[in-house]
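Peer 1: Provided below for reference: sequence and predicted model.
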Amino acid sequence: MKKIITLGIISIFLYACSSNTNNDQQSKRSFPEEKAKTAKTSAYDPTRGEGKFETIDVGDKLDVAMAKEGKTIADVKCASCHKYTEERLVGPGWAGVSKKHKPEWLMNFITNPDPMIDKDPELQAQLELCLVRMPNQNLSDDDARAILEFMRQNDGVK
Amino acid sequence: MKLKQYLVLSLAVATMATSFQACRPKGASSAVTGDAAQRTYIPPGQYDEFYNFASGGFSGQMSVYGLPSGRLFRVIPVFSVDPEKGWGFSEETKPMLQTSHGFVPWDDLHHIESSFTDGMPDGKWMFANSNNTPRLARINLQTFRTDEIIEIPNTGGNHCSPFTTENSEYVIAATRFSVPPDGPDSDVPIDSYKENFKGHISFVSVDKESGEFDIAFQLKTPGLNFDLSSAGKGISNGWLFLSCYNSEQAHSLLEVNASKNDKDFILAINWKKAEEYFKAGRGTKQTNVRYAHNRWDEHTHSAKHEMKTEVTVLDIADFEDLAYLLPCPKSPHGSDVSPTGEYIVASGKLAALIPVFSFEKLQNAINNKDFEREPYVGIPVVKYESALHGEVEKPGLGPLHTEFDDKGNAYTSFFVSSEIVKWDIKTLEVLDRQPTFYSVGHLMVAGGNAKNPYGKYLVAYNKITKDRFLPTGPELCHAAQLFDISGDKMELLLDFPTIGEPHYAQALPADLLMEKSLQIYDINANKHPYKTNGEAEAKVVREGNIVRVYMTTIRSHITPDVIEGIQMGDEVYFHVTNLEQDWDMPHGFAIKGANNSELLVMPGETTTLKWVPDRVGIFPFYCTDFCSALHQEMSGYVRVSPKGSSTPIKYYTGESTPTT
């Protein structure tokens, strides 16, 4: 019996080694989304989130045209799950969201949801409530910026 | 378990295994190399080297495997309905299977060939033929879906197809069963075959950008059965070589009556010349044909079906320099052109040798009019020896198909002697032979029909598999066998079962396709007339007895999920728009009692299910494709009331204010 346990431990050890190698090989030919998943979690910045946006300067005033465009996109891609009030539907309502989070966090989250859901403490808490991972809706950078502008308008920025 | 007991047991098992082995045809064990498992094992999460597209034969579909693993990735519905994917069941896909005979839900998908640019697979499309109701299909290699199907007129079984020219200028479709040309005069006695039955070889042009098919012209020939063909490449580009059997022109008991002559023929066609004559207006417009042309539109997510009524025909009897016959031993099957285009390998399936013709010698013979005294049914017959490069002596029994590697070797499949034989194209010397289990039909070398074959792997597609896999009753799977051909000797690596009956296959390097594989349909580019542009636009609209439900899906709810006001006698159309924009996130849709399949709606796509309720009551519907933790909750109800009921149309989702 002892021998079996020893053997088992060795094989787990071997497996661990080989699976590391696999990861390295895999990342060579995997898609960007997968690569992001394997990035280190220790460097995660919960105020900025994770993604391509470092700092977003939104200014004091609202870009009304951009906010309007943002609403059009949100109506198709977001409104199935988010109300623009405080009410929770599938996900939380949007009222106050632009005050609660930094612009770069929001834009990173909506363009790069999967890696952030895996790392962000608040998002992990949300997932326990909602049980549905927020889908990646393939928003372009401009789409994401426009939605952010609509969120600001929704929160009273003029 | 004690060690001794274990040893005894394993010894017993080993003995049993050995004795089973002894009953099997010899060679089964010795054929597999020791490290075969390593060479075919793709660790979890890693990718295969090649995409292997294999015909599904009588399943009517095309399958996509990985090589060297033999793992099945996808079955692409082509000529047969596929309830799993809603193919032929959704309103959008039904037109794809329309023909001049109406809706045809099944066919026999025989061969496939990739689109070529300069004799190499360009990764744009796969072409496929249907053998029963003659059609050609084009499969999009970004979406892995069938984009187009065109019916072939004047044709009695589209077997000799879909082989393409060096730049896929044309896809060839030639009749297996000669028949009288379409039209009212085709009501003739069957024993008037020689007089009234004709062969037709169709040249279907392919638009370089869109891929769209058009039957440019047909060549009319005497009544012959065309089996397979290959277009010339390199020095022989511009020519086409078709094998034909039944030179006896028999119309009954072909098994005997079409196997009498010592020699049948390879028909060599100068297609560039035929194209010239066609462009010069030398053809005749035949206007009594009817054939379907069905096209998929990626923007409307719908197919359009139209009937065409005209085709241009050139009778080869009217031209002296279009067609020549090469005598070929006994019922040739494969007609395969070597990578350089220099040699044409003809496999007489009842012959004991393989003749290899030289393109250069054929040209000289034609120029010198080195013909037999008697033409055959009006076509000059080139003297066998004049065009012959040489014969592969005693290669095996029942040669069928030949493919080529990157080192100047040819590989021929032998059905009767159940083996693959490797030989040198130039010296015609047999270099190696390996058994197949059992009765190989087609074979495929990666890129083996291209100008620069990829080589490395050969796959044998076997007709018989008894005793190779766990038995499954009277019907057993067909199978593929993977060989490594990188060394001097072929090495058997792997058996894997296939769908239907794989007749032919193509292998394309993974890199050629994987990066451009489509992930989602952009919802903003969706031009479906019944698209729901966001959940706020979801609605139910009555138009007389037609009710249209503009419906959306997203993890994890359907909108609307409460629908009332449907009445008996209504025809209900569920137009389901999947609002997801994330890869691998289709949603399904099914409703109780529908005489139909499910829908499987890709991200950003709109797809329609027609439903005619057959009784009053409450009908649940739900998402059929597990999508999220709350997938089980992704459902709703339709209420059906008697005809003339006062229940109004009403629909909502969640706590939204009911709309009337």
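Peer 2: All right, it came through fine. Numbering: from 1, shown residues only, chains lettered A, B, ... in the order given.

Peer 1: For chain A, give me its nearest residue in the stretch 201-350 of chain B.
Peer 2: Per CB to the nearest CB, the residue of the stretch 201-350 of chain B with the smallest distance to chain A is B:His301, at 15.9 Å. Quick note: C-beta positions are derived from backbone N, CA and C, even for glycine.

Peer 1: doesn't B:Glu92 make contact with that residue?
Peer 2: Yes - under the criterion of CB atoms under 8 Å, B:His301 lies in contact with B:Glu92, with a separation of 5.9 Å.

Peer 1: Mutual contacts of the two, please.
Peer 2: Counting by CB atoms under 8 Å, 6 or more residues apart in numbering or on different chains, the contacts common to B:His301 and B:Glu92 are B:His528, B:Thr607.

Peer 1: any weak-confidence spans in chain A?
Peer 2: Across chain A, the stretches falling below the confidence threshold (pLDDT under 70) are A:1-42.

Peer 1: which residues touch the residue nearest in space to the middle of it?
Peer 2: In chain A, the C-alpha nearest the mean C-alpha coordinate belongs to A:Pro113, at 2.3 Å (CA atoms, centre = their mean). Applying CB under 8 Å, 6+ apart, we find A:Pro113 in contact with A:Arg133, A:Met134, A:Pro135, A:Asn136.

Peer 1: Okay, strands next: where are they in the stretch 451-600 of chain B?
Peer 2: With strands called from DSSP state E, counting those that start in this stretch, the stretch 451-600 of chain B shows them at B:457-462, B:478-484, B:491-498, B:505-509, B:539-543, B:546-554, B:557-559, B:562-567, B:571-578, B:587-591, B:599-601.

Peer 1: out of those, nearest to B:Thr146?
Peer 2: Nearest to B:Thr146, of all these, is strand B:599-601, at 14.8 Å by CB to CB.

Peer 1: what packs against the very next helix or strand once past the closest one?
Peer 2: Toward the C-terminus, strand B:599-601 is succeeded by strand B:606-611 as the next helix or strand (DSSP states H and E). Secondary-structure packing of strand B:606-611 (3 or more CB pairs under 8 Å, 6 or more residues apart in numbering or on different chains; DSSP states H and E): strand B:571-578, strand B:587-591, strand B:599-601.

Peer 1: and these, which is most packed in?
Peer 2: Ranked by mean neighbour count, the helices and strands packed on strand B:606-611 are led by strand B:599-601 with a mean of 28 (mean count of other CB atoms under 10 Å in any protein chain shown).

Peer 1: packing partners for that strand?
Peer 2: Using 3+ CB pairs under 8 Å, 6+ apart as the contact criterion, the secondary-structure elements in contact with strand B:599-601 are strand B:571-578, strand B:587-591, strand B:606-611.

Peer 1: In CSV: those, plus mean pLDDT.
Peer 2: Converted to CSV, those look like this (pLDDT from 0 to 100):
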stretch, mean pLDDT
strand B:571-578, 98
strand B:587-591, 98
strand B:606-611, 98
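
Peer 1: could you pull out the helices for chain A?
Peer 2: Across chain A, reading from the start of the chain, the helices by DSSP state H fall at A:2-29, A:32-37, A:64-77, A:97-100, A:103-111, A:113-119, A:121-130, A:141-154.

Peer 1: same check, this time on chain B
Peer 2: When secondary structure is read from DSSP H, chain B shows helices at B:3-23, B:36-40, B:193-196, B:254-257, B:271-279, B:359-367, B:384-387, B:510-513.

Peer 1: Pull the distance from the fourth one to the chain's centre.
Peer 2: On the basis of CA atoms, centre = their mean, to the nearest Å, helix B:254-257 is displaced by 28 Å from the centre of the chain it belongs to.

Peer 1: How is chain A divided into domains?
Peer 2: Each structural domain of chain A that the record assigns through automatic domain parsing is listed here as a residue range: A:1-35, A:43-154.

Peer 1: want to throw the ones you listed into JSON lines with distance to B:Gln218?
Peer 2: Conversion of the domains of chain A to JSON lines gives the following (distance: least, CB to CB, whole Å):
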{"stretch": "domain A:1-35", "distance to B:Gln218": "45"}
{"stretch": "domain A:43-154", "distance to B:Gln218": "46"}
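
Peer 1: which one of these is the most hemmed in?
Peer 2: Relative to the other members of the domains of chain A, domain A:43-154 carries the highest mean neighbour count by mean count of other CB under 10 Å, namely a mean of 18.

Peer 1: Quick check: end-to-end length of that one?
Peer 2: One end of domain A:43-154 sits 32 Å from the other (CA to CA, to the nearest Å).

Peer 1: could the helices and strands packed on strand B:606-611 go into CSV alongside distance to B:Asp370?
Peer 2: What follows is the helices and strands packed on strand B:606-611, written out as CSV (distance: least, CB to CB, whole Å):
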stretch, distance to B:Asp370
strand B:571-578, 65
strand B:587-591, 65
strand B:599-601, 60
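
Peer 1: between those strands, which one is nearest to B:Ser63?
Peer 2: Proximity to B:Ser63 (CB to CB) singles out strand B:599-601 among those, at 17.7 Å.

Peer 1: Rounded mean pLDDT for that closest one, please.
Peer 2: Throughout strand B:599-601, pLDDT has a mean value of 98.

Peer 1: Find out how far that strand is from the centre of the chain, if you would.
Peer 2: Offset of strand B:599-601 from its chain centre (CA atoms, centre = their mean): 23 Å.

Peer 1: which ones are touching the closest residue to B:Leu443 other than its chain neighbours?
Peer 2: Once flanking residues are discounted, B:Leu443 sits nearest to B:Ser413: 4.3 Å by CB to CB, 6 or more residues apart in numbering or on different chains. Applying CB under 8 Å, 6+ apart, we find B:Ser413 in contact with B:Pro399, B:Leu400, B:His401, B:Thr402, B:Ile420, B:Thr436, B:Val440, B:Gly441, B:His442, B:Leu443, B:Ala460.

Peer 1: 6 Å - rerun?
Peer 2: Applying CB atoms under 6 Å, 6 or more residues apart in numbering or on different chains to B:Ser413 gives the contacts B:Leu400, B:His401, B:Ile420, B:Val440, B:Leu443.

Peer 1: Next, the nearest residue to B:Lys272 once chain neighbours are set aside: phi, psi?
Peer 2: Spatially, and ignoring its direct neighbours in sequence, B:Lys272 is nearest to B:Gly238 (3.8 Å; CB to CB, 6+ apart). The phi/psi pair for B:Gly238 (degrees, to the nearest 10) reads phi 110, psi -10.

Peer 1: partner residues bridging B:His305?
Peer 2: Assessed by DSSP bridges, B:His305 has beta-bridge partners B:Asn294.

Peer 1: can you count the residues close to the residue nearest to B:Lys272?
Peer 2: When counting by other CB atoms under 10 Å in any protein chain shown, one arrives at 18 neighbours for B:Gly238.

Peer 1: cool, and B:Lys466?
Peer 2: The number of residues packed around B:Lys466, counting by other CB under 10 Å, is 9.
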